[in-house]
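1. Generate a structure from the sequence data that follows.
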Amino acid sequence: MNDFQKELVEGIPTLLPEAPSLDLKISRAPKRKDILTEADKKLALRNALRYFKKEWHEILAQEFLSELKTYGRIYMYRFMPKTPIYARSIESYPGNSLQAKSIMMMIQNNLDPAIAQHPYELITYGGNGAVFQNWAQYRLAMKYLAEMTDEQTLAMYSGHPMGLFPSSTNAPRVVATNGMMIPNYSKPDDWEKFNALGVTQYGQMTAGSYMYIGPQGIVHGTTITVLNAARMKRPDGDFKGLLFVTSGLGGMSGAQPKAAKIAGVVSITAEINPKAARKRHEQGWVDELVEDLDLLLDLVQAARDAGDNTSFAYLGNIVDLWQALADRGMKVDFGSDQTSLHNPFAGGYYPTGMSYEAANEMMAQQPEGFKKAIYSTLRKHAEIVNQHTAKGTYFFDYGNAFLLEAGRAGADVFKNRAAKSGDFKYPSYVQDIMGPICFDFGFGPFRWVCGSGGAEDLDKTDQIAADVLTEMLQEAPEDIKSQLQDNLHWVKEAKANKLVVGSQARILYADAEGRMRIAAAFNQAIAAGEIGPVILGRDHHDVSGTDSPYRETSNIYDGSQFTADMAVQNFVGDSFRGATWISLHNGGGVGWGEVVNGGFGMLLDGSEEADKKLRSMLFWDVNNGIARRNWARNPNAMSTIERAMQKEKQLQVTQPNLVDHNLLNDLTY
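-> Here you go, the predicted structure:
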């Protein structure tokens, strides 16, 4: 057993490790709000110390208190692993269960410094999307996974490994929940308090569910969005000279410049954090990084004139960028925002008029003043966007809670300006694009990861997926042929676009039939020895995975967009249909208390059992959401569920009866 394997099996060390030296080049989480009372701080210390033997308490109590004062959280840096964290091949992990090894691989992928936004703080993306709350939890979880058999299940409570429980070979190996609060305790400050106490965490979507694959994870969906936004401007498909303006390069938002380049448009993505911007530039996700606004706009205009599709990053505040574009009179064809506005007061969005460092200091020392500065910037942000849209810019909410938080700040973002409430004047991208084009037909962000870690396996799976899509195109009804054609083009070009960061993974928007057929073909290839094991998953941002009234379910108009039955049913249904692990979260994308979302991971090992599980679970995982969208009377979902029932005779879905609008309009209310 090598040092890496010994460390995983060890769990909490028997000897107190030395405090590590931290790399100054690694991006760090901002200091969190000092929200705990003295009694709360004592409780937070007791909660942290319970992971360790009593002989260490005197030393660790002082150290953890120092962390709490310095960072607003107890991360237990002393217990960071000594061996590097990254996704090794599945065979490299110690253990008794191949399924457990697949989960260990994905956890390490989430925390790989090349992928994670703030790896020292165990935060994968979104400013606060955590895999674990502290390093003791990481060590314990990995130890449990290394010991687990296929007749045990690990229960994960917001990053804390509660323990291994007897189950069955058909049960998930891990059941993870994150931030599942009593509803009245799910306000933003509740997250600050209870996370500081060490009793809950914000799992985002694929952070606390171990299925993050770097910015590639949303780049296909982002490309679909950018392509269709561009088609609104140029239906003929000639996108030369079109300009897309947005913000955010940390975590998943880093997919935007790559997607814009694939779509063939010029783009500018603003990013206030120098480390995040430089990281994406070094990784090749953005072509040019520019700090000077005048130089930037000169370069952008030259690219537009030349018909190039250069992607630019502006190191600065998005509001300043929008203003400079307006001052110069440059037309923006379409724009959005993908800062982490689900987390506006703790590093997800930054005020204009001050440096990144000064803003972080104000965030920690003057939280109320910082909140006022954020709200002032949001009002200015909306005002300048309104000026651009008045001149023809198509602006859409990118599901990051921009309109929600801008509205709370008193910005002019509502259709009824006088009321300052009600419907927003700009659509969500789900309302205009992803909902009717993808989700209602069952298309969503299907993912796979090659357990071997070999690039050659990824090449083979790309080809397998392309072959399946080619077959499907010959049989498909007309209303989904364009989606299948776009997906076929995507997977054929994926390697050339250099999307891999970390694990050998791929994202591909696919419907229920496509997911099942591709997965079954993978399983056959594994059985034949052509490729190693494959781990399936998806973004929670999908057909069935998420109930989010301002994003995933924003194109549901029967009032049920504020309910969370679908996500919970999805989580439970995946558990007994074959998922290797399942997760359910409060928060993700648009914020704590604003959304419930669930996800899964599934190991394909070439067995007949895996084949049965993938067909059962993937069918449910998609059609659960289509059935709900059908009941909401979404036309494309109604036709899609009809086709599903024709193919699967055991599927029986309650169908809505449509009402004549004139009948209701003629009534007296």
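
2. For the stretch 151-300 of the chain, which residues score under the pLDDT cut-off?
-> By pLDDT under 70, the low-scoring segments of the stretch 151-300 of the chain are 251-252.

3. What segments of it are helices?
-> 188-197, 216-233, 255-263, 274-282, 293-306 (DSSP state H, counting those that start in this stretch).

4. ranking those helices by burial, who's on top?
-> Burial of the helices of the stretch 151-300 of the chain is given as mean neighbour count (mean count of other C-beta atoms under 10 Å); helix 255-263 ranks first at a mean of 27. For glycine as for every other residue, the C-beta is placed from the backbone atoms N, C-alpha and C.

5. hmm, back to that, between the helices of the stretch 151-300 of the chain, which gets nearest to Phe395?
-> helix 216-233 (9.7 Å; C-beta to C-beta).

6. Run through the residues that contact Ser102.
-> 90, 451, 533, 535, 580, 601, 603 (C-beta atoms under 8 Å, 6 or more residues apart in numbering).

7. So which of those residues belong to strands?
-> 535, 601, 603 (DSSP state E).

8. Let me know whether the first one touches Asp605 as I believe.
-> No: using C-beta atoms under 8 Å as the test, Ile535 is too far from Asp605 to be in contact (10.1 Å).

9. Nearest to Leu43 among the contacts of Ser102?
-> Nearest member of the contacts of Ser102 to Leu43, counting by C-beta to C-beta, is Gly601, at 33.7 Å.

10. Leaving out sequence neighbours, find the closest residue to Phe396.
-> The shortest distance from Phe396 to any non-neighbouring residue, by C-beta to C-beta, 6 or more residues apart in numbering, is to Tyr429 (4.7 Å).

11. How about Gln655?
-> The nearest residue in space to Gln655 (C-beta to C-beta, 6+ apart) is Asn630, at 7.1 Å.

12. packing partners for the helix or strand containing the one you found?
-> Using DSSP states H and E, the element containing Asn630 is helix 608-631. Helix 608-631 sits against helix 512-527, strand 534-538, helix 565-575, strand 596-604, helix 635-647, with contacts defined as 3 or more C-beta pairs under 8 Å, 6 or more residues apart in numbering; DSSP states H and E.

13. hmm, 7 Å instead?
-> Helix 608-631 is packed against helix 512-527, helix 565-575, strand 596-604, helix 635-647, with contacts defined by 3 or more C-beta pairs under 7 Å, 6 or more residues apart in numbering; DSSP states H and E.

14. For the closest residue to Phe132 other than its chain neighbours, list the residues it contacts.
-> Nearest residue to Phe132, sequence neighbours excluded (C-beta to C-beta, 6+ apart): Gly159, at 4.1 Å. Neighbouring residues of Gly159 by C-beta atoms under 7 Å, 6 or more residues apart in numbering: 130, 132-133, 137, 201, 208.

15. Ok, Ala564 next?
-> 547, 596.

16. can you check the one 10 residues further on too?
-> Residues in contact with Asp574 (C-beta under 7 Å, 6+ apart) are 582, 600, 617, 621.

17. Same list (those residues) but as a markdown table, adding pLDDT, neighbour count and distance to Ala114.
-> Shown next, in a markdown table, are the contacts of Asp574 (pLDDT from 0 to 100; neighbours: other C-beta atoms under 10 Å; distance: C-beta to C-beta, whole Å):
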| residue | pLDDT | neighbour count | distance to Ala114 |
| --- | --- | --- | --- |
| Ile582 | 98 | 26 | 27 |
| Phe600 | 98 | 27 | 25 |
| Met617 | 97 | 25 | 30 |
| Asp621 | 97 | 31 | 29 |
